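Novice: generate a structure from the sequence data that follows.
(chains A, B, C and D)
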2 protein chains.
Amino acid sequence: MSTMSSRAAVAVHLLAFLTWRRDEPVSSQQAARSVNTNPVVVRRIVGALRRAGLVEVQPGAAGGARLARAPEEISLLEVYRAVEDGAPLFALHPQTPCQDCGVGANIQAALCGVFGEAQAAMEAVLARVTVAEVAASVFARMGHPGDCGTGRRTA
Amino acid sequence: MSTMSSRAAVAVHLLAFLTWRRDEPVSSQQAARSVNTNPVVVRRIVGALRRAGLVEVQPGAAGGARLARAPEEISLLEVYRAVEDGAPLFALHPQTPCQDCGVGANIQAALCGVFGEAQAAMEAVLARVTVAEVAASVFARMGHPGDCGTGRRTA
DNA sequence: CAATATGGAACTAATCTGGTTGCAGTTCAA
DNA sequence: TTGAACTGCAACCAGATTAGTTCCATATTG
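Specialist: Below is the predicted model:
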């Protein structure tokens, strides 16, 4: 049943990857290899991160994405919001409930408060964690670098 | 973008409705009118609440659903879990990331911790709120009862 | 026995997700 | 200046999920 899309997970993956390859532009091809997906899927998510100001992208040969800010300054909440685009966590009724019924007319207002608090609590946790921390956690688990190859055609 | 299903909202609506009509069995027909949906949709959700032990259902004429426990003893977390059936809030990668890549091989373990904490924070809020509180909040907003009609064929 | 209810199966339409291809446009380097 | 490599966008596909719907077997009441 209803689980969130994997875009947030992939987005954090990508940012950790960019952190690892600090300042070297990473192509969607290379990133896609690490994520194990199609380059276009990566570009869609990188595009959202770019629009949110989290990464910079350079087109053309030798182009690619790099962090627009220090990873210590990027919270997972920003990443989450960049890819989920402000969608509410909890849905209300698909159809407006019966307004002639005391319960139907007032349940949504009552739910709004609780659901909003629950989402805020979730977001507060994401706000406290930075990309740098996740990346550090990943690096700590790496025995050896393990490259995946650059994917760049070496001249 | 990925929002949760509306089942949790409808489930709380139904429980608030049952709280309002305390001990009088409510048919899926009546409940569907308040929710503004099809009786079968209601029965599906009531079925999940029944399997979770939150409501009792009586088949046959003059049957319907009623609360199995005092509304003060039912937390929204139980409701959420009853209808969402233990699905994780955050999805990880659709395909296992490249294990030859240091980031790919370790990102999921790193994400697991943060995502788990975020979900736990969300659930903690739901755990603190009871159906009785939501129902009280609804009742407080009701100027007049506003019945929706019983939908029961009066003899 | 007849009316009214649940419960389950099956089907639909709409939406979302991830994946894929194709192509226009930009950049760099030989 | 040509060609390789890259981004970005649009279009399309298959699979899953959601909410809605119909139909029917079964149970209970009066």
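Novice: by contact count, what packs against the helix or strand containing A:L77?
Specialist: Using DSSP states H and E, A:L77 sits within helix A:76-84. Judged by 3 or more CB pairs under 8 Å, 6 or more residues apart in numbering or on different chains; DSSP states H and E, helix A:76-84 is in contact with helix A:7-20, helix A:39-51, helix A:102-128, helix A:131-141. Heads up, the C-betas are built off the backbone N, CA and C, glycines and all.
Novice: out of these, nearest to B:S27?
Specialist: Comparison of those against B:S27 by CB to CB identifies helix A:102-128 as nearest, at 15.1 Å.
Novice: can you pull the pLDDT of the closest residue to DNA strand C within chain A?
Specialist: Proximity of chain A to DNA strand C (CB to the nearest atom of the strand) peaks at A:G60, 2.3 Å away. Listed pLDDT for A:G60 reads 96.
Novice: can you check A:L76 too?
Specialist: 98.
Novice: three-state assignment of the residue of chain A closest to DNA strand C?
Specialist: At A:G60 the chain is in coil, as set by DSSP: H, G, I helix; E, B strand; the rest coil.
Novice: what about it? Give its phi and psi, please.
Specialist: With angles defined as degrees, to the nearest 10, A:G60 sits at phi 90, psi 170.
Novice: how many neighbours does it have?
Specialist: Neighbour count of A:G60, defined by other CB atoms under 10 Å in any protein chain shown: 6.
Novice: and A:S6, by the same measure?
Specialist: Neighbour tally, A:S6, other CB under 10 Å: 21.
Novice: helix or strand for the nearest residue to it once chain neighbours are set aside, which one?
Specialist: Excluding its sequence neighbours, the residue lying closest to A:S6 (CB to CB, 6 or more residues apart in numbering or on different chains) is B:A91, at 4.3 Å. B:A91 belongs to no helix or strand when assigned by DSSP H and E.
Novice: which residues does B:A91 contact?
Specialist: Taking CB atoms under 8 Å, 6 or more residues apart in numbering or on different chains as the criterion, B:A91 is in contact with A:3-6, A:8-9.
Novice: what about 7 Å?
Specialist: Counting by CB atoms under 7 Å, 6 or more residues apart in numbering or on different chains, B:A91 touches A:3-6, A:9.
Novice: cool, A:R43 as well?
Specialist: A:R43 touches A:S28, counting by CB under 7 Å, 6+ apart.
Novice: try 10 Å this time
Specialist: By CB atoms under 10 Å, 6 or more residues apart in numbering or on different chains, the residues touching A:R43 are A:27-29, A:31-32, A:50, A:57, A:65.
Novice: and the most far-flung residue of chain A relative to its centre, how close does it get to B:V138?
Specialist: Residue farthest from the centre of chain A, counting by CA atoms, centre = their mean, is A:D100 at 41.9 Å. In this view, A:D100 and B:V138 are 15 Å apart by CB to CB, to the nearest Å.
Novice: what of A:R43?
Specialist: For A:R43, the distance to B:V138 (CB to CB) stands at 46 Å.
Novice: now A:A32
Specialist: Counting by CB to CB, the gap from A:A32 to B:V138 is 49 Å.
Novice: average pLDDT across stretch A:17-32?
Specialist: On average, stretch A:17-32 scores 96.
Novice: run the contact check for that stretch versus chain B.
Specialist: Yes - Stretch A:17-32 reaches chain B (CB under 10 Å from any CB of the partner chain) through A:17-21, A:30-32.
Novice: and these, which two are furthest apart?
Specialist: A:T19 and A:A32 (17.5 Å).
Novice: of those two, who's got more company?
Specialist: A:T19 (22 against 19).
Novice: surely that one meets B:A110?
Specialist: No - at 11.8 Å, A:T19 does not count as touching B:A110 under the criterion of CB atoms under 10 Å.
Novice: who touches both of the two?
Specialist: Residues within reach of A:T19 and of B:A110 at once, by CB under 10 Å, 6+ apart, are A:134-136, A:138-139, B:103.
Novice: just name the closest of those residues to A:A87, please.
Specialist: Closest approach to A:A87 among the shared contacts of A:T19 and B:A110 (CB to CB): A:V134, at 22.2 Å.
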